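Student: dropping a prediction and its sequence here:
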Amino acid sequence: MAIDFESLTEATSGAIGSLVSTTVLYPLDTCKTKYQADVQAAGHQKYRNLSDVLWEAVSTRQILSLYQGLGTKNLQSFIAQFVYFYGYSYFKRLYLDKTGAKSIGTKANLVIAAAAGACTVIVTQPLDTASSRMQTSAFGKSKGLWETLSEGSWREAFDGLGISLLLTSNPSIQYTVFDQLKQRLLKGQQKTTVGTPDSSPQSLSAFSAFLLGAISKSIATCLTYPAIRCKVMIQSSDSKQVMNGDAQLHSKPAKTFVDALNFIWKREGILGFFKGLQAQILKTVLSSALQLMIKEKISKTTWVLMLALQRYVFASKKRIKQA
């Protein structure tokens, strides 16, 4: 089977962009996750706002703990984005080849993005669960990847899988909006060399990619946030108990989407489903926009490298046939 170099280019540039954005914004991600996992009990909360998490790290001299789980998160992020971009690009090309269409519609784009997202979730769910447990552990007490996963059964490593599959609608919405806006922006900027075999794909400017990434991710995040918070609750290291300062208020663990919904509803009401929304938007918008901006800027370089690799592979096959 022939190697799909275009899909491989998309996957590689997307994964690199994800790796950089995850590392740069990780302290914010840790604060956001711990804040989302904190549930109100008896009218009190450990964290009243996002800055309380940061102040705890500063006051306890655990600033470096804001990076706990970074290695696992980067591994999960790199694999997830590589699988997603490769799957998305591959399914998109397959659809166009099978239908003979010149462009892909919004509905088909959503289905393709959801399919790529589902594949990604199944592959990376254990790493996602582990990184969430590491981030929500007490500062300075996070365990390693293998130790975190081995604390429970492998079935528990897939906690939140149902919600994660549901949340495939998030990147589906995001990348559909991004692609549609990108196509319109580049529509009148076609180059005369596009039809030649060695031509590189057009890319957005850094500012345009950042802006479109921010807009598309904001829309997706607002629509799916209640499910996002429920997922954090299920994967939290304190999922078996509600933490209130030094007291531990034992309750039925939230292991399913319905459990998490009831858990939040009884303690925080309807507004609880949107607790941390601003922090989520800030983190995800910056992360997504930075990732897509990096992806767009390195796409041409990656394309050249893949083109060189393609020529090398073809030349090797030719030499083998002649031998």
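Tutor: Nice, thanks for sending it over.
Student: for residue 274, give me its contacts.
Tutor: By CB atoms under 8 Å, 6 or more residues apart in numbering, residue 274 lies in contact with 225, 226, 229. For the C-beta atoms, the positions are set from N, CA and C on the backbone; glycine is no exception.
Student: how about residue 221?
Tutor: 170, 228, 277, 280, 281, 284, 285 are the contacts of residue 221 under CB under 8 Å, 6+ apart.
Student: okay, buried residues for whichever strand or helix holds it please.
Tutor: Here residue 221 sits within helix 206-235, counting by DSSP states H and E. Neighbour-count burial for helix 206-235, counted by 16 or more other CB atoms under 10 Å, picks out 208-221, 224-235.
Student: next one: stretch 23-40
Tutor: 25-40.
Student: name the nearest of those relative to residue 290.
Tutor: Distance to residue 290, by CB to CB, is smallest for residue 25 among these, at 7.4 Å.
Student: and that closest one, what pLDDT?
Tutor: On pLDDT, residue 25 comes in at 86.
Student: thought it was touching residue 290?
Tutor: Yes: at 7.4 Å, residue 25 and residue 290 qualify as touching, with contact defined as CB atoms under 8 Å.
Student: quick one on the thing from earlier: which of the contacts of residue 221 fall in helices?
Tutor: Counting by DSSP state H, those place 170, 228, 277, 280, 281, 284, 285 in helices.
Student: quick one: pLDDT of the last one?
Tutor: As summarised for this prediction, residue 285 has a pLDDT of 73.
Student: ok, now which ones touch it?
Tutor: For residue 285, the contacting residues are 213, 214, 217, 218, 221, by CB under 8 Å, 6+ apart.
Student: and the second one, what pLDDT?
Tutor: Same thing as residue 214. So residue 214 comes in at 78 (pLDDT).
Student: am I right that residue 142 sits in a strand?
Tutor: No: according to DSSP: H, G, I helix; E, B strand; the rest coil, residue 142 belongs to no strand; its state is coil.
Student: now do the helix holding residue 221: distance to the chain's middle.
Tutor: Distance of helix 206-235 from its chain centroid, counting by CA atoms, centre = their mean, to the nearest Å, is 9 Å.
Student: now do stretch 84-95
Tutor: 17 Å.
Student: with stretch 52-63 instead?
Tutor: Relative to its parent chain, stretch 52-63 has a centroid offset of 26 Å by CA atoms, centre = their mean.
Student: go on, stretch 312-321?
Tutor: The answer for stretch 312-321 is 38 Å, by CA atoms, centre = their mean.
Student: and that stretch, average pLDDT?
Tutor: Mean per-residue pLDDT for stretch 312-321: 73.
Student: look up how far residue 234 lies from residue 258.
Tutor: From residue 258 across to residue 234, the span is 11 Å (CB to CB, to the nearest Å).
Student: show me what contacts the residue nearest the centre of the chain?
Tutor: Geometric centre of the chain, nearest residue: residue 77, 6.4 Å, by CA atoms, centre = their mean. For residue 77, the contact set (CB under 8 Å, 6+ apart) comprises 18, 19, 22.
Student: that's a helix at the last one, yeah?
Tutor: So that's residue 22. Yes: if the criterion is three-state DSSP, then residue 22 is within a helix.
Student: surely it meets residue 74?
Tutor: Yes: between residue 22 and residue 74 a contact is recorded at 5.6 Å, counting by CB under 8 Å.
Student: can you confirm residue 204 is in a strand?
Tutor: No: secondary structure of residue 204 (three-state DSSP): coil, not part of a strand.
Student: sweet, I'm off.
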